[in-house]
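Trainee: Build the 3D model from these lines:
(4 chains)
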Number of protein chains: 2
Amino acid sequence: MEQIGPEHLARRLRDIGQRVTPQRLAILGALRPGEHLSADEVFAAVESSLPGVNRSTVYRTLEMLRDLSLVSETDLGGGARQYERIEGRHHHLICQGCGRQQELEDALVAPLRSTIFERYGFAAGIEHLAIFGLCGECAR
Amino acid sequence: MEQIGPEHLARRLRDIGQRVTPQRLAILGALRPGEHLSADEVFAAVESSLPGVNRSTVYRTLEMLRDLSLVSETDLGGGARQYERIEGRHHHLICQGCGRQQELEDALVAPLRSTIFERYGFAAGIEHLAIFGLCGECAR
DNA sequence: ATCGCAGATGCAACTTTTTGCAGGTGCGGT
DNA sequence: ACCGCACCTGCAAAAAGTTGCATCTGCGAT
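Mentor: Got it, this is the predicted structure:
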């Protein structure tokens, strides 16, 4: 059971050589594992706890957090991308027929990661994959 | 060696129950395997061969072609998504350190597709994966 | 060949995301 | 405790992508 607090986040940022700013704490604090938010929703949440924050700061910070693998960014083609704090790898199967989503355990994806490393020496991230296709029902 | 012409594309569209329109032929015709274009570049190309086409038509058509797996859509985080005609599956390894791209054969990804199908009965597309991470050089 | 209509397109407004730049601020070094 | 400056942020404008609606058009049925 991991407790997350401002100091925890601050340490995590500092550990990876990033500056700790109120904006970043607020943005990271607005995200939690298992909850998908759009950039705009993040903005709204941050705005209430720290008025005056700019949209572009939210976008830039989310981009940075994505690059650091602290946050996943997923484009479900629905007009706005979804952001989520990463706490352990997981993936989604998205049916293009009915739109339903299903979680996919990382165990199935892990072999791909290792194969890629063996074959290319490439350390693949693959923190959060969005795999599109057709579910059993819709395939018929 | 596959020859592609307007009639070929038309047949392909009709086969999957889609209407054949000059706009669609032009858009599909502007794309070719191995060449990544942004939506705007597609628009420019189409515009010259078929003046008056609207941007939103380009976006809507690209979206449809993506859903039909005729075209791949990839977000390389560089401001605009890249589109490419699919002729056989292939994937990319993208290094977040140096930005270099490397092709990844589908053979390595195919097992994931089958595992997902066995386990969930889900027919995954995965036509064109963009996998981020660190190449051998940058990992050091 | 013609008709009818579901599906496509053009248009315009709107939302979402990116970018250049000027000023502000965290934090390592003193 | 204070300085300096590289890194951040806010701002404003532009670029990229989406949507609602009225009109148009491919194509199956007549």
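Trainee: What residues sit buried inside the longest helix out of those in chain A?
Mentor: In chain A, taking DSSP state H as the definition, the longest helix is helix A:55-67. Buried residues in helix A:55-67, counted by 16 or more other CB atoms under 10 Å in any protein chain shown: A:57-58, A:61-62, A:65-66. C-beta: built from backbone N, CA, C; applies to glycine.
Trainee: and after that helix, which helix or strand comes next?
Mentor: strand A:71-74 (DSSP states H and E).
Trainee: separation between the most centrally placed residue in chain A and DNA strand D?
Mentor: Central residue of chain A (CA atoms, centre = their mean): A:S72, 1.6 Å from the mean position. Using CB to the nearest atom of the strand, to the nearest Å, A:S72 is found at 18 Å from DNA strand D.
Trainee: what do you get for A:C95?
Mentor: Taken as CB to the nearest atom of the strand, the span from A:C95 to DNA strand D is 18 Å.
Trainee: so that residue makes contact with A:C138?
Mentor: Yes: assessed by CB atoms under 8 Å, A:C95 is found in contact with A:C138 at 5.6 Å.
Trainee: Could you check which of these two is surrounded by more residues?
Mentor: A:C95 (19 against 15; other CB atoms under 10 Å in any protein chain shown).
Trainee: Which residues does the more buried one form beta bridges with?
Mentor: For A:C95, the beta-bridge partners are A:G133 (DSSP bridges).
Trainee: ok, and the closest non-adjacent residue to A:R32?
Mentor: Of all residues not flanking A:R32 in the chain, A:R85 sits nearest, at 5.5 Å (CB to CB, 6 or more residues apart in numbering or on different chains).
Trainee: quick one: contacts for that neighbour?
Mentor: Going by CB atoms under 8 Å, 6 or more residues apart in numbering or on different chains, A:R85 touches A:28, A:31-33, A:35, A:70-71.
Trainee: ok, 10 Å please
Mentor: Counting by CB atoms under 10 Å, 6 or more residues apart in numbering or on different chains, A:R85 touches A:4, A:28-35, A:37, A:65, A:70-72.
Trainee: Compute the inter-axis angle for the helix or strand where A:L25 lies and helix A:55-67.
Mentor: Assessed by DSSP H and E, A:L25 sits inside helix A:22-30. With axes from the mean of the first three to the mean of the last three CA atoms, to 10 degrees applied, the angle from helix A:22-30 to helix A:55-67 works out at 60 degrees.
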